[in-house]
Every structure is written in C-alpha cells, then in structure tokens.
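*Asks:* Can you look at this prediction? I've put the sequence above it.
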Amino acid sequence: MRYIVTKEIKSDTQVVWKLYFKDFAFLVIWIIVNLYLQDGVHPYLQIPFCVFAILSGVILVMPSATNPKRRQYQSIALYLMRPKGTYYLISQEEQQVEERHDKKYKKRYSNSKLR
C-alpha cells in the first residue's frame, strides 16, 4: 500500500500573483510611513519622492538573492541585528583548503603589479 505524505504543512496566504499577505502588509505600512514623511518634502520633489518610495518598497519586498526563504527587508534586518563581537571558529579543513589555494595561485600573481 502506498501512502501520500504532504511535504509542506505551512503555506503563506497569497493576495495577488506572487504577493503574499506579509509582503502586502509591509507595503501598506511602508506607504503609510512614506505618506507621513511626504509632508517634510518640498512640493516640487513630492512626485519623485513618491516614485522612489514605491520603487524602494517593491525592491525591499523582493526575495533575497543571498539569503534563501527571506525577503530583502528581512535580510537587512538580520544584518543590522547580527552580533558584532561574535567569534566564528574556522575549521582546520577550511584553513587547509585556503592554504592550498594560496600556494597554488601565489606563483601566478606574485609578479603582477597594480598601477
């Protein structure tokens, strides 16, 4: 007998196309904050400010290229909240690989000069 097992139990609520509810809520809050900040912008620059705010909001909602399953704004928040004084141990295998790489390419680039 064959059993079918689901692989994903959690699923995000999709509002429109690939825009999920969390992203939609972020964009709504982003627009509200920018409408509040728009009062401090010179009247001639309000239209460019609105265009910039919308574009930056869309970019922040896009998926992160370097951090899978995260959005750009989440990656930025994680980067800003990272522990600054944390010591990360580099394993000996990684050191050996780096040393081999340095020895291999040292001869190639040792005589090159930067201008």
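*Replies:* Nice, I can see it.
*Asks:* CA only for contacts and neighbour counts going forward, please
*Replies:* Noted.
*Asks:* What values do phi and psi take at the residue most central in space within the chain?
*Replies:* Closest to where the C-alpha atoms of the chain average out (CA atoms, centre = their mean) is Gln72, at 3.3 Å. For Gln72, the backbone dihedrals are phi -60, psi -40 (criterion: degrees, to the nearest 10).
*Asks:* is it true that it touches Ile59?
*Replies:* Yes. Under the criterion of CA atoms under 8 Å, Gln72 is in contact with Ile59, at a separation of 7.3 Å.
*Asks:* pLDDT weak spots in the protein?
*Replies:* 87-90, 104-115 (pLDDT under 70).
*Asks:* how about the helices in this structure?
*Replies:* In order along the chain, the chain carries the following helices (DSSP state H): 21-37, 46-61, 72-80, 92-109.
*Asks:* In a markdown table, list the ones you listed along with distance to Met1.
*Replies:* Rendered in a markdown table, the data for the helices of the chain read as follows (distance: least, CA to CA, whole Å):
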| stretch | distance to Met1 |
| --- | --- |
| helix 21-37 | 39 |
| helix 46-61 | 44 |
| helix 72-80 | 44 |
| helix 92-109 | 46 |
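*Asks:* so which of those gets nearest Ile4?
*Replies:* The stretch from the helices of the chain with the least distance to Ile4 (CA to CA) is helix 21-37; that distance is 28.8 Å.
*Asks:* of all the helices of the chain, which lies closest to Thr13?
*Replies:* When the helices of the chain are ranked by distance to Thr13, counting by CA to CA, first place goes to helix 21-37 at 5.6 Å.
*Asks:* List the buried residues in the closest one.
*Replies:* Within helix 21-37, the residues that count as buried by 16 or more other CA atoms under 10 Å are 23, 26-27, 30-31, 34.
*Asks:* What of stretch 68-80?
*Replies:* Within stretch 68-80, the residues that qualify as buried by neighbour count (16+ other CA under 10 Å) are 70-75.
*Asks:* Nearest to Gly85 among the buried residues of helix 21-37?
*Replies:* The closest of the buried residues of helix 21-37 to Gly85 turns out to be Phe26 (CA to CA; 30.6 Å).
*Asks:* list the contacts for that closest one?
*Replies:* By CA atoms under 8 Å, 6 or more residues apart in numbering, the contact set of Phe26 is Val61.
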